[in-house]
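*Asks:* Need the 3D shape of this:
(2 chains)
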Amino acid sequence: MESTAGTFKENAKQALADAKLRDALAKLSDGFPVKRRDAVARLPEFDDLCDQATAIKEHVLENLGFYLEAFEARVTEAGGTVHWCRSAAEARTTILRICKQAGAKTVTKSKSMISEEIAINEHLETHDVEPVETDLGEYIIQLRHEPPSHIIAPAIHLTKDQIADTFREKHSHLDAARNLEEPETLLEEARGELRRKFIAADVGLTGANMLVAETGSIVLVTNEGNADLTYSLPKTHIAIASLEKIVPTLEDATTILRVLARSATGQDMSVYTTFCTGPKRAQDLDGPEDFHVVLLDNGRTKMLGTEFHDMLRCIRCGACLNHCPIYKAVGGHAYGWVYSGPMGAVLIPNLIGLDEAHHLPNASTLCGKCEEVCPMRIPLPRMLRSWRKKQFEQEKTSFVSRTALKAWAALARRPWLYRLAVAAPIAVLALLGREKGRFRWLPLGGGWTSLRDMPAPEGGTFISRWHKERQP
Amino acid sequence: MSETPARSISVGLFATCLVDLTRPSVGFASAKLMEDAGCRVSVPQAQSCCGQPAYNAGDNADAAAIAANVIGAFEGFDYVVAPSGSCAGMIKHHFVGLFEDDPVMAARAGALSAKTHELISFLTDVLQVDGIECAYDGTVTYHDSCSSLREMKIKDQPRALLSRVSGLSLKESEESETCCGFGGLFCVKYPDISGHMVDAKVDDILATGADTLLAGDLGCLMNIAGRLHRRGSEVRVRHIAEVIAGMTDGPAIGAPAPLDTDKDKN
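*Replies:* Below is the predicted model of the structure:
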């Protein structure tokens, strides 16, 4: 998708002024974080499981080539095909080619962030293949021509009323006077619309929460069962996954599953967990005849061994988004590209470049909540700082801010000079602010005083007063 | 204080730039608390800032130069204590990484890290202070600053001390662990988002009905006090050290100085 990350500041301003978005995001605070907290409290070994899951992914990243080749061998043995794609463009071409070979007119899709990353829907549409999103949230935003605003809850930016309006507009063949008050009614309507699409689809395109090297299986996790209809009904199943989704064994996959849903939605397990291995065998009653796995690099291997290496452990649970005060303030669309929240602020500059995404690593207070809830122990604040360091070293921060910082640092590095320089301004501010105790406005202080008063200094600096009192 | 000053622990008080420049009373309160517990408190003149503004802006070279100053000024003390989780966290957790290519400085930074503490946890966890003799008439709510909570693991310590203050009742807020939106330069770089966050924080504080907000970090306190005042709130804002040291005669943060002291001005 086309990035709007470069205008993050403006995006955020609009998001903060959007009353409907505020209503929608308000639900996030009482939802996932509370459920996660309760789920973690119910499982005393949760922390140990996180350590184990982290170790599994770290081991995989150190032996990535070995496990990916083993995975490919098992997929091939099972009768499937693995396609190695370096870039988004290669993945798009590969998927379109498979669709064309299958004579596909309609492709059903279950939720996949990688498919968003490579913008497959637009590509298929321009080549006369209709992609149909089957995850309810994805279906809603596809109708609205919007990108997802959250990696596990793509339509979380919408209220129920907005969804009802969208259904009325897009499902124009249905009775205009129908009642769409209840979420269940909306769900039923989407289900009715999608049923026909499921049956008509020629290709099913899914993501994969994990790839299992031991068996050549892909793991699909959903709450709606839509992935199961997506992969099992059409003749061809394409699974697309970035290559760091690999785990060595089924045992390892289950360890990660135990932390995934708990971190994401606070469920002990998602409602549907499916392991797909190869195409339909002779004795199977159903399943696809062709099974393809599109393995995407798209910048991942370049992150290996760098300061962003740990990001490759991410299992896309969304806990860092759900707990991030910045995400909860501005929502996912403000970040301007496929991903959002703390994981997005680290990952997006890796994928689309730091120039375009320059705001994202800076738009954080480094409060550390994301790292606290990350089940894969990813040091997100440290990596946000790493991006800031790169920006500073490459002189990509603004001239004014660099100059101001350098001027301040030149004083701070020389405490004696610093003491001389601060004394007079502090004395003046203390005198001016004495009566009210605070300022409503300060020269050059608009960033602060547009919304807050500035408390006036008490007068004198602590260090000078201390030494005056103690060493008269 | 309950501790007898038999031992003589030397403490270098790292005042922090915000306390130094805007609220010296927090520095005096910090010194009093540690002296009452038997420490010899020194305030080296060769201190300015912990370097965090540079560090968080990606300017590691300046941050390292500032860190080297701090190390030189403070490594001679038994302990280094700052009335801020954020600045103590910077010294404790981030200085070492600034000297990746300098093993000698990295070792000195590591040694300093090991003896650096945030004030409140130093009082409770190191000095084992458990009784304090002071009073505060008010209902207080406590904001857990991000660095204190998550970097320095401070949660129960301030509450334990506040429970010993006579006349003080503590009313916890729902979101005491949520960031106030200060974030150093973040609050001026992204004022809209920061403003939204501090507004949510103020709503959360007002919902408790408390008449006083306390915290252990002056950055958060100035941010929250500034927004409380802009919204016309009368909630008093103080650093926790002022309350547990019994030094609350002066005006609260952002409150006017009493008029009757005007004649003493000169």
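*Asks:* could you point out which element follows the helix or strand bottoming out on mean pLDDT in chain B?
*Replies:* The element with the least model confidence among the helices and strands of chain B, by mean pLDDT, DSSP states H and E, is helix B:186-189, at a mean of 94. Next along the chain after helix B:186-189, taking DSSP states H and E as the criterion, comes helix B:191-206.
*Asks:* What residues of that next one count as buried?
*Replies:* B:191-202, B:204-206 (16 or more other CB atoms under 10 Å in any protein chain shown). Yep, even glycine has a C-beta here, placed from its N, CA and C like the rest.
*Asks:* What pairs with the helix or strand just after it, parallel or antiparallel?
*Replies:* Downstream of helix B:191-206, the next assigned helix or strand under DSSP H and E is strand B:212-215. Strand partners for strand B:212-215, identified by DSSP bridges, are recorded as strand B:135-143 (parallel), strand B:236-239 (parallel).
*Asks:* Now tabulate those strands in CSV and tack on mean neighbour count.
*Replies:* Compiled in CSV, the strands paired with strand B:212-215 are given as follows (neighbours: other CB atoms under 10 Å in any protein chain shown):
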stretch, mean neighbour count
strand B:135-143, 19
strand B:236-239, 25
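*Asks:* So which of the buried residues of helix B:191-206 would count as near chain A as well?
*Replies:* Under the cut-off given by CB under 8 Å from any CB of the partner chain, chain A has B:191-200 from those close to it.
*Asks:* could these go into TSV alongside pLDDT and distance to B:Ala67?
*Replies:* Supplementary listing: those in TSV, determined by pLDDT from 0 to 100; distance: CB to CB, whole Å:
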residue	pLDDT	distance to B:Ala67
B:Pro191	95	29
B:Asp192	96	32
B:Ile193	97	29
B:Ser194	97	27
B:Gly195	96	32
B:His196	97	33
B:Met197	97	29
B:Val198	98	29
B:Asp199	97	35
B:Ala200	96	34
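*Asks:* nearest to A:Gln101, of the residues you listed?
*Replies:* Using CB to CB, B:Ile193 comes nearest to A:Gln101 of those, at 48.1 Å.
*Asks:* which residues sit in contact with the closest one?
*Replies:* Under the criterion of CB atoms under 8 Å, 6 or more residues apart in numbering or on different chains, the contact partners of B:Ile193 comprise A:12, A:16, A:326, A:329-330, A:363, B:181.
*Asks:* what's the answer for A:Ser464, then?
*Replies:* Counting by CB under 8 Å, 6+ apart, the residues that A:Ser464 touches are A:419, A:423.
*Asks:* Which secondary structure element is home to it?
*Replies:* Element membership of A:Ser464, judged by DSSP H and E, is helix A:462-470.
*Asks:* buried ones in that helix?
*Replies:* Along helix A:462-470, these residues count as buried under the neighbour rule (16+ other CB under 10 Å): A:462-466.
*Asks:* Same question for stretch B:87-97.
*Replies:* Quick answer for stretch B:87-97 (16+ other CB under 10 Å): B:87-92, B:94-97.
*Asks:* interface residues of the stretch 151-266 of chain B facing chain A?
*Replies:* Listed as neighbours of chain A in the stretch 151-266 of chain B under the rule CB under 8 Å from any CB: B:151, B:177-179, B:181-184, B:186-200, B:222-223, B:225-227, B:229-230, B:250-251, B:253-257, B:265.
*Asks:* Let me have the contacts of B:Ile193 in CSV, adding distance to B:Val11, pLDDT and secondary structure as columns.
*Replies:* Compiled in CSV, the contacts of B:Ile193 are given as follows (distance: CB to CB, whole Å; pLDDT from 0 to 100; DSSP: H, G, I helix; E, B strand; the rest coil):
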residue, distance to B:Val11, pLDDT, secondary structure
A:Ala12, 43, 98, helix
A:Leu16, 44, 97, helix
A:Ile326, 37, 97, helix
A:Ala329, 39, 96, helix
A:Val330, 43, 97, helix
A:Ala363, 38, 97, coil
B:Gly181, 32, 97, coil
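*Asks:* Just the buried ones from those?
*Replies:* Restricting those to buried positions leaves A:12, A:16, A:326, A:329-330, A:363, B:181, with burial counted as 16+ other CB under 10 Å.
*Asks:* What is the burial count for A:Ala89?
*Replies:* In terms of burial, A:Ala89 registers 13 neighbours under the definition other CB atoms under 10 Å in any protein chain shown.
*Asks:* Backbone torsions only: list them for it.
*Replies:* Reported as degrees, to the nearest 10, the phi and psi values for A:Ala89 are phi -60, psi -40.
*Asks:* can you check B:Ser42 too?
*Replies:* When read as degrees, to the nearest 10, the backbone of B:Ser42 gives phi -120, psi 150.
*Asks:* Pretty sure it sits against B:Ala15.
*Replies:* No. At 11.2 Å, B:Ser42 and B:Ala15 do not qualify as touching, with contact defined as CB atoms under 8 Å.
*Asks:* which of the two has more neighbours?
*Replies:* Set B:Ser42 next to B:Ala15 and count neighbours by other CB under 10 Å: B:Ala15 wins out with 29 against 17.
*Asks:* Okay, that one and chain A: tell me how far apart.
*Replies:* Computed as CB to the nearest CB, to the nearest Å, the B:Ala15 to chain A distance reads 5 Å.
*Asks:* quick one: contacts for that residue?
*Replies:* A:462-463, B:27, B:30, B:43, B:47, B:82-83.
*Asks:* Under the pLDDT cut-off, which ranges of chain A? List them.
*Replies:* Regions of chain A meeting the criterion pLDDT under 70 cover residues A:472.
*Asks:* same thing but at 80, please
*Replies:* For chain A, applying pLDDT under 80 flags the ranges A:29-30, A:471-472.
*Asks:* go on, the stretch 1-150 of chain B?
*Replies:* Per-residue confidence of the stretch 1-150 of chain B (counting by pLDDT under 80) places the weak regions at B:1-7.
*Asks:* Quick one: name the residues of it near chain A.
*Replies:* Residues of the stretch 1-150 of chain B found near chain A (CB under 8 Å from any CB) are B:15, B:17, B:19-28, B:31, B:43, B:45-49, B:51, B:53-60, B:62, B:65-66, B:69, B:73, B:146-147, B:150.
*Asks:* Narrow those residues to just the buried residues.
*Replies:* Applying a neighbour-count criterion of 16+ other CB under 10 Å, the buried members of these are B:15, B:17, B:19-28, B:31, B:43, B:47-49, B:51, B:53-60, B:62, B:65-66, B:69, B:73, B:146-147, B:150.
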